[in-house]
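Participant: Sequence first, then the predicted structure, then my questions.
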Amino acid sequence: MKRKLHYYKSPKLFVLMFTLLSGMYAWSQSSVNGGTLNEEPFHFCVGDGEEDRVSRVSVEGAKGPNSQWVVTDEQGNILGLPPTPEAVNFDGAGAGVCLIWHLSYADGLEGLEAGNNALTDLVGTYDLSD
């Protein structure tokens, strides 16, 4: 089967086509949703030497090419980036409130590391769960 190839000699047309294609790629990358978590609040007695882990935490409606669980304090400071919420032992967290988030993000996200703030330090296309 023969295919007909089209060649364009105009550099302006090439730039326009590249711009349109780049915009389509950027749009598809920006289609991320952190989803909604399904869980009840957990209350632990921390510092007693007993493991304090959450269970049955799930996310619905998340979409995007990449995802990560994020644990923060009330101000959004990232305390950990566990593979699952159940992997975290909150016994050593100390008194206070920890928040569990699901993060969906496009390639190229910057700032996703412990010590940074999930609400202010992330740069790129992303969405935190509700």
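Facilitator: In hand now; what should we look at? Numbering: from 1, shown residues only.
Participant: Please list the residues outside the helix or strand containing W101 that contact it.
Facilitator: Using DSSP states H and E, W101 falls within strand 98-105. Identification of contacts with strand 98-105 by C-beta atoms under 8 Å, 6 or more residues apart in numbering yields 32-35, 37, 39, 54, 57, 59, 62-74, 76, 79, 85, 88, 90, 112, 118, 122, 124-129. Where you see a C-beta, it was placed from the backbone N, CA and C, and this is true even at glycine.
Participant: try stretch 111-124
Facilitator: Defining contact as C-beta under 8 Å, 6+ apart, one finds that stretch 111-124 is touched by 68, 70, 72, 75-81, 101, 103, 105-106, 108-110, 128.
Participant: Repeat that for stretch 74-88.
Facilitator: 39, 53-55, 57, 68-73, 93, 96-100, 112-120.
Participant: Check the average confidence over that stretch, would you?
Facilitator: Along stretch 74-88, the predicted confidence averages to a pLDDT of 96.
Participant: Select only the buried ones of the contacts of stretch 74-88 in ChimeraX?
Facilitator: For selection in ChimeraX, the members of these meeting the burial criterion (16 or more other C-beta atoms under 10 Å) are listed in this command:
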select :54,57,68,69,70,71,72,73,93,98,99,100,112,116,118
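Participant: Show me the contacts of stretch 74-88 that map onto strands.
Facilitator: Judged by DSSP state E, those include 68-73, 98-100 as members of strands.
Participant: ok, R56 - contacts?
Facilitator: Applying C-beta under 8 Å, 6+ apart, the residues near R56 are 38-39.
Participant: From A118, how far off is it?
Facilitator: Remark: distance between R56 and A118 (C-beta to C-beta, to the nearest Å) = 23 Å.
Participant: Next: A95.
Facilitator: As judged by C-beta to C-beta, A95 and A118 stand 21 Å apart.
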